[in-house]
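> Next input, structure requested:
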Amino acid sequence: MSIEWSAFLNVFIGALIGASVVVLFYACGVRLLVRAGRAPVVGPAEFTDAITVISDKEAQRAQKAAAKAARKSPLTFSQKRIALYGAYACFVLCGAALLGGVLMIVFKNALFG
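You can find the predicted model right below:
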């Protein structure tokens with residue numbers, strides 16, 4: 001039994017590039033979402049000793065801070081709209097990269113056994 005190291009290296013490099021692309025698109029999408037004035041604020045959740053949970057008061061304070069930052073944004077309405085569409089486009093590209101990876105795995109197994 002022998003290992004094809006060149007094939008292993010190809011898979012490793014492909015996985016590294018694919019993961020980097022997905023993370024890049026997601027990070028750009030979140031950044032553009034914040035620039036558009038729609039910072040994602042996650043509400044408090046109940047966990048047992050796993051994560052420090054913020055209170056409702058702290059969540060409201062975070063929402064107010066996000067709203068205040070959105071009001072102070074130097075961008076015009078059309079620039080915010082463009083940033084929002086760019087964020088959506090980044091999220092779509094992120095999903096397309098993930099879907100493409102899954103489809104390559106499924107069809108490779110279906111075609112080549």
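
> helix or strand for Gln79, which one?
Assigned by DSSP states H and E, Gln79 belongs to helix 77-112.

> in that helix, what's buried?
80, 83-84, 86-87, 90-91, 93-94, 97, 101 (16 or more other CB atoms under 10 Å). Using the backbone N, CA and C atoms, a C-beta is placed for each residue, glycine as well.

> Closest one of those residues to Glu58?
Within these, the smallest distance to Glu58 is 25.7 Å, found for Ala87 (CB to CB).

> Name the SS class of the residue lying closest to that closest one once chain neighbours are set aside, please.
Using CB to CB, 6 or more residues apart in numbering and skipping the chain neighbours, the partner closest in space to Ala87 is Leu32 (3.7 Å). Using DSSP: H, G, I helix; E, B strand; the rest coil, the structure places Leu32 in helix.

> tell me the contacts of Leu32?
83-84, 86-87, 90 (CB atoms under 8 Å, 6 or more residues apart in numbering).

> pLDDT-wise, which helix or strand of the protein ranks last?
helix 56-71 (a mean of 80; mean pLDDT, DSSP states H and E).

> Can I get it in CSV? Just the C-alpha atoms.
Output in CSV follows, covering the C-alpha atoms of helix 56-71 (Å, rounded to 0.1, in the frame of the first residue of the first chain):
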residue,chain,number,x,y,z
ASP,A,56,-31.7,41.8,28.6
LYS,A,57,-30.5,45.2,29.8
GLU,A,58,-27.0,44.6,28.3
ALA,A,59,-28.6,43.5,25.0
GLN,A,60,-30.7,46.6,24.9
ARG,A,61,-27.6,48.7,25.6
ALA,A,62,-25.8,47.0,22.7
GLN,A,63,-28.8,47.6,20.4
LYS,A,64,-28.9,51.3,21.3
ALA,A,65,-25.1,51.6,20.7
ALA,A,66,-25.5,50.0,17.3
ALA,A,67,-28.4,52.3,16.4
LYS,A,68,-26.4,55.3,17.5
ALA,A,69,-23.4,54.2,15.4
ALA,A,70,-25.7,53.8,12.4
ARG,A,71,-27.1,57.3,12.9
